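Participant: coords please:
(chains A, B, C and D)
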4 protein chains.
Amino acid sequence: MPEHNPFEQVVAQMMKDDLFSQWLGIQVLEINEGYSKITMQVRPEMVNGLGIVHGGIAFSLADSAFAFACNNRNQLSVALDTSIQFLKPVHVHDTLTAEAMELHNGKSTGLYLIKIFNQHQHMIALFKGTCFRTTKKIVA
Amino acid sequence: MPEHNPFEQVVAQMMKDDLFSQWLGIQVLEINEGYSKITMQVRPEMVNGLGIVHGGIAFSLADSAFAFACNNRNQLSVALDTSIQFLKPVHVHDTLTAEAMELHNGKSTGLYLIKIFNQHQHMIALFKGTCFRTTKKIVA
Amino acid sequence: MPEHNPFEQVVAQMMKDDLFSQWLGIQVLEINEGYSKITMQVRPEMVNGLGIVHGGIAFSLADSAFAFACNNRNQLSVALDTSIQFLKPVHVHDTLTAEAMELHNGKSTGLYLIKIFNQHQHMIALFKGTCFRTTKKIVA
Amino acid sequence: MPEHNPFEQVVAQMMKDDLFSQWLGIQVLEINEGYSKITMQVRPEMVNGLGIVHGGIAFSLADSAFAFACNNRNQLSVALDTSIQFLKPVHVHDTLTAEAMELHNGKSTGLYLIKIFNQHQHMIALFKGTCFRTTKKIVA
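Facilitator: Okay, the predicted model is just below:
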């Protein structure tokens, strides 16, 4: 990812230290102000005890997309409340793509919707996240 | 865990195939009808890009506790809608314990609250989960 | 509202018996399959004890929009889980418009997002609703 | 309600101006620090178009209980994100009681659970609320 814009630079720095997103195999596809689009492929060690992929995997992908969207103005923001609705089961080897859109950019809080699709363009989950904005920076 | 009761047997079978819960290092502490208590220790590869533990880790622990509680009557139930509120940051080497309690056991749906504590008995997150009940069994 | 289509007919019948939506002063603007757009004006008796409009008013408007969207295929559906995020305060005499969009139309459940705007086209709240579908009809 | 304590005084002042809670017929049963218990009786004009009580009524009762609990230290707090899970239908003439408990009292935010029971002591809904704390007072 060429670092054309300041929003991408913040996410590149976050991603560099984000060992869990690296374990998930997350690739950053597109970053704009208050926006992110990321992808990953599901591996066998991500299943739960019912033969489908653990709900924590789709949540974690969406939570990373949320963090990359709500922090990319270089104002450190922390997740306050999030919810996820599961619409379709996810299977091993599926490719998941999460797109985070900003619905509200307040002084103290922000609101984001993240849609997660599989490789058939079916929405498998919808994530809603509220963040709390601090006064700290991410990139000095 | 000695398998004293049928609820523990269902969870033991779920846990055996739950590769992601195994990756997380989850240990089952207590299982009763509609109830579960599980624990894990946070490892360095679970951090996010902001120097604290990725929100997906606490969610995943809670989601496993939810699954173990809502499925343990041997009636296959799937997560429909879940939310998690983050109250305190989690750090590497923290020990997290999730306790799932059943608030409603309906014919088609169930409602569960999962409290997640760290080793200082501080609640670090609160998870709420709604499941949809199928007619399938887990242990034949 | 001329009743051009079967979806409008279902909502017209629901609205006829919906005494609380009538108390709120709800007007139906547009009904399509899995979609609704409704409006109301805020009156003085709708304030809370902090000088702004009670959160239950915006919720109730959104909940009616949700009901009109998720039931209008004439398949009785009941609200299971809903959440609302409050973005801006609402004041007496504001005109609120709620637009309900269907994100998922499953066999047993459905997922809807309802955006609520004031007369300045500012989004004042975002509502998410999950419904459970029964086999009953609304219009015989 | 005799005003034994400062928490009750704040709620008494809120309730005096809360015209919508008055319309609902809310009675305050008990107020303690970060806690409230209130009740109301459902009237015929509170039904929806499906023959049961409108979801906005139970939400509004819970939202008032939430406001009375999270503001009663005399620090003005506003609802940020709330969710409600509907467990059983409510009928005309039911008596509903909402009890708000504080799960977290942070500097900037607070987290509350509100359980709503009918006259048969059945939990008909569970409400979760996050508030944002301002620096303003309610009682001067």
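
Participant: make it CA atoms for all contacts and neighbour counts henceforth
Facilitator: OK.

Participant: low-scoring stretches of chain A, by residue?
Facilitator: A:1-4 (pLDDT under 70).

Participant: which residues of it lie near chain B?
Facilitator: Taking Cα under 8 Å from any Cα of the partner chain, the part of chain A that reaches chain B is made up of A:13-21, A:23, A:44-51, A:54-57, A:59-60, A:63, A:79-87, A:138.

Participant: could you rerun that using 7 Å?
Facilitator: Counting by Cα under 7 Å from any Cα of the partner chain, chain A comes close to chain B at A:14-21, A:45-50, A:54-56, A:59-60, A:63, A:79-86.

Participant: now, of those residues, which are buried?
Facilitator: Buried residues within these, defined by neighbour count using 16 or more other Cα atoms under 10 Å in any protein chain shown: A:14-15, A:17-21, A:45-50, A:54-56, A:59-60, A:63, A:79-86.

Participant: now do the contacts for A:Thr39.
Facilitator: A:26-29, A:96-98 (Cα atoms under 7 Å, 6 or more residues apart in numbering or on different chains).

Participant: would you mind giving the secondary structure of the closest residue to A:Lys16 other than its chain neighbours?
Facilitator: Nearest residue to A:Lys16, sequence neighbours excluded (Cα to Cα, 6 or more residues apart in numbering or on different chains): B:Gly49, at 7.0 Å. Classification of B:Gly49 by DSSP: H, G, I helix; E, B strand; the rest coil places it in coil.

Participant: next up, the contacts around B:Gly49.
Facilitator: Per Cα under 7 Å, 6+ apart, neighbours of B:Gly49: A:14-18.

Participant: narrow those to those in helices?
Facilitator: Among these, the members found in helices (DSSP state H) are A:14-17.

Participant: from the residues you listed, which is closest to chain C?
Facilitator: A:Met14 (27.4 Å; Cα to the nearest Cα).

Participant: and the closest one, how far from B:Phe59?
Facilitator: In this view, A:Met14 and B:Phe59 are 20 Å apart by Cα to Cα, to the nearest Å.

Participant: over to A:Val78?
Facilitator: 15 Å.

Participant: tell me which residue lies nearest the centroid of chain A.
Facilitator: Centroid-nearest residue in chain A: A:Ala65, 1.6 Å away (criterion: Cα atoms, centre = their mean).

Participant: ok, then the element right after the helix or strand where it lies?
Facilitator: In this assignment (DSSP states H and E), A:Ala65 forms part of helix A:55-70. Note on helix A:55-70: by DSSP H and E, the next helix or strand toward the C-terminus is strand A:77-86.

Participant: of the contacts of A:Thr39, buried ones?
Facilitator: By 16+ other Cα under 10 Å, these give A:26-28, A:96-98 as buried.

Participant: out of those residues, who's nearest chain D?
Facilitator: A:Ala98 (22.7 Å).

Participant: the closest one: what's it in contact with?
Facilitator: Here A:Ala98 is in contact with A:37-39, A:61-62, A:65, A:114-117 (Cα under 7 Å, 6+ apart).

Participant: likewise A:Asp63?
Facilitator: A:Asp63 neighbours (Cα under 7 Å, 6+ apart): B:55-56.

Participant: quick check: it vs chain D, distance?
Facilitator: 18 Å (Cα to the nearest Cα, to the nearest Å).

Participant: just A:Leu111 next, same as before
Facilitator: Applying Cα to the nearest Cα to A:Leu111 and chain D gives a distance of 10 Å.

Participant: okay, now that residue: neighbour count?
Facilitator: 24 (other Cα atoms under 10 Å in any protein chain shown).

Participant: what is the burial count for the residue nearest to A:Leu113 when sequence neighbours are not counted?
Facilitator: Closest residue in space to A:Leu113, ignoring its immediate chain neighbours: A:Lys128 at 4.7 Å, by Cα to Cα, 6+ apart. For A:Lys128, the neighbour count with other Cα under 10 Å is 23.

Participant: am I right that A:Lys128 falls within a strand?
Facilitator: Yes. Assigned with three-state DSSP, A:Lys128 falls within a strand.

Participant: okay but it is in contact with A:Ile114, surely?
Facilitator: Yes. Assessed by Cα atoms under 7 Å, A:Lys128 is found in contact with A:Ile114 at 6.2 Å.

Participant: nearest to D:Leu103, of the contacts of A:Ala98?
Facilitator: A:Ala62 (25.9 Å; Cα to Cα).

Participant: distance-wise, check that closest one relative to C:Gly25.
Facilitator: 39 Å.

Participant: between these two, who's got more neighbours?
Facilitator: A:Ala62 (32 against 15).

Participant: so that one sits against A:Phe117, correct?
Facilitator: No. Judged on Cα under 7 Å, A:Ala62 makes no contact with A:Phe117 at a distance of 10.6 Å.

Participant: if we can go back for a sec, and the residue nearest to the centre of chain A, how far from chain B?
Facilitator: 12 Å.

Participant: repeat that for A:Ala140.
Facilitator: Taken as Cα to the nearest Cα, the span from A:Ala140 to chain B is 13 Å.

Participant: cool, A:His91 as well?
Facilitator: 13 Å.

Participant: same deal with A:Lys115?
Facilitator: A:Lys115 is 14 Å from chain B, by Cα to the nearest Cα.

Participant: just the element for that residue, please.
Facilitator: strand A:109-117.

Participant: kindly report the same for A:His104.
Facilitator: strand A:95-105.

Participant: let me see the contact set for A:Cys131.
Facilitator: A:Cys131 neighbours (Cα under 7 Å, 6+ apart): A:77-80, A:109-111.

Participant: and with 8 Å instead?
Facilitator: A:70, A:77-81, A:109-111 (Cα atoms under 8 Å, 6 or more residues apart in numbering or on different chains).

Participant: name the nearest of those relative to chain B.
Facilitator: Nearest to chain B among the contacts of A:Cys131, counting by Cα to the nearest Cα, is A:Asp81 at 4.3 Å.

Participant: which residue, neighbours along the chain excluded, lies closest to the closest one?
Facilitator: Here the residue nearest A:Asp81, using Cα to Cα, 6+ apart, is B:Gln85, at 4.3 Å.

Participant: the one you found and B:Gly129 touch, don't they?
Facilitator: No. Judged on Cα atoms under 8 Å, B:Gln85 makes no contact with B:Gly129 at a distance of 11.9 Å.

Participant: which residues of chain A lie near chain D?
Facilitator: A:Asp81.

Participant: around chain C, pick out the residues from chain A.
Facilitator: A:87, A:104.

Participant: let's go with 10 Å and repeat that
Facilitator: A:83, A:85-88, A:103-106, A:109-111, A:123-126, A:128-130 (Cα under 10 Å from any Cα of the partner chain).

Participant: just give the nearest non-adjacent residue to A:Asn32, would you?
Facilitator: A:Phe7 (6.0 Å).

Participant: quick check, that neighbour in a strand?
Facilitator: No. Counting by three-state DSSP, A:Phe7 falls outside a strand, being helix.

Participant: what residues are up against it?
Facilitator: For A:Phe7, the contact set (Cα atoms under 10 Å, 6 or more residues apart in numbering or on different chains) comprises A:31-36, A:68-69, A:71-74.

Participant: that one and A:Ala79, how far apart?
Facilitator: 19 Å.

Participant: now do the buried residues in stretch A:103-117.
Facilitator: Buried residues in stretch A:103-117 (16+ other Cα under 10 Å): A:104, A:109-117.

Participant: from these, which two are the most distant?
Facilitator: Maximum distance among the buried residues of stretch A:103-117 (Cα to Cα): 26.3 Å, for A:Thr109 and A:Phe117.
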